[in-house]
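> Requesting a structural model of the entry that follows:
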Amino acid sequence: AAQGDAELEPMEGALRDLAATDGVELAGVTAGAVESEFQTSRIRAMCDRLGIDLFAPLWGEDPAALAEAMFAAGFEIRIVQVAAYGLDESWLGRRYDADALAELLELREEYGVHPLGEGGEFETYVVDGPHMDRRIDFEYEAVWEGDRGHLEVTAATLETA
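Numbering: from 1, shown residues only. This is a model prediction of the structure:
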């Protein structure tokens, strides 16, 4: 519990500073949690301390359906970190798409991997989507540390229009 709370301290401090600004009235925080009670309970407690609302529009939705909706909407998502049984170095930099989702659903059965990485199994980065004017191109080196790894970005540019 302490680790989850500690991770929220910088956000809570920033929200307190923002709330102290003249003319700013905080209404709430939006969280993208789908099934993580660990994450949601801590964000809810922070909102309670700040006297603001928690808005969690994805809470309770089917994770696979959410992933499919992101793909259908045109998001290009890359896996930038992995830390779970079944996820090896080959996942680093991989596009999170329907094929990856199908494999993740199999890994959920075998190892309990959450198909959206909500348990910290993997982290993603959106490089293109309907909300973006230009795609982010990046170069990287894969860093593998025994049973987990991440991408170390060496260069990033916006695609020329």
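> So residue 108 is in contact with residue 115, correct?
Yes - assessed by CB atoms under 8 Å, residue 108 is found in contact with residue 115 at 5.9 Å. C-beta: built from backbone N, CA, C; applies to glycine.
> okay, these two: which has more neighbours?
Between residue 108 and residue 115, residue 115 has the larger neighbour count (other CB atoms under 10 Å), namely 25 against 16.
> quick one: which helix or strand includes that one?
Here residue 115, judged by DSSP states H and E, is contained in no helix and no strand.
> That one and residue 104 touch, don't they?
Yes - using CB under 8 Å, residue 115 is in contact with residue 104, at 4.6 Å.
> what's stretch 45-54 in contact with?
5, 8, 11-12, 15-16, 19, 26-29, 31, 40, 43-44 (CB atoms under 8 Å, 6 or more residues apart in numbering).
> So which of those sit within helices?
5, 8, 11, 12, 15, 16, 19, 40, 43, 44 (DSSP state H).
> how about the nearest residue to the first one, chain neighbours excluded?
Leaving aside its sequence neighbours, residue 5 sits nearest to residue 42 (CB to CB, 6 or more residues apart in numbering; 5.9 Å).
> what about that neighbour, how many neighbours?
20.
> how near is it to residue 56?
Plainly put, residue 42 is 12 Å away from residue 56 if you go by CB to CB, to the nearest Å.
> where are the low-confidence patches of this protein?
1-4 (pLDDT under 70).
> Does whatever residue is furthest in space from the centre of the chain fall in a helix, a strand, or a coil region?
Distance from the C-alpha centroid of the chain, by CA atoms, centre = their mean, peaks at residue 22 (31.7 Å). With DSSP: H, G, I helix; E, B strand; the rest coil as the basis, residue 22 sits in coil.
> I'd like to know how many residues surround the closest residue to residue 11 other than its chain neighbours.
Leaving aside its chain neighbours, residue 11 sits nearest to residue 46 (7.3 Å; criterion: CB to CB, 6+ apart). Residue 46 has 19 neighbouring residues, counting by other CB under 10 Å.
> Secondary structure element holding residue 46?
Using DSSP H and E, residue 46 falls in helix 37-50.
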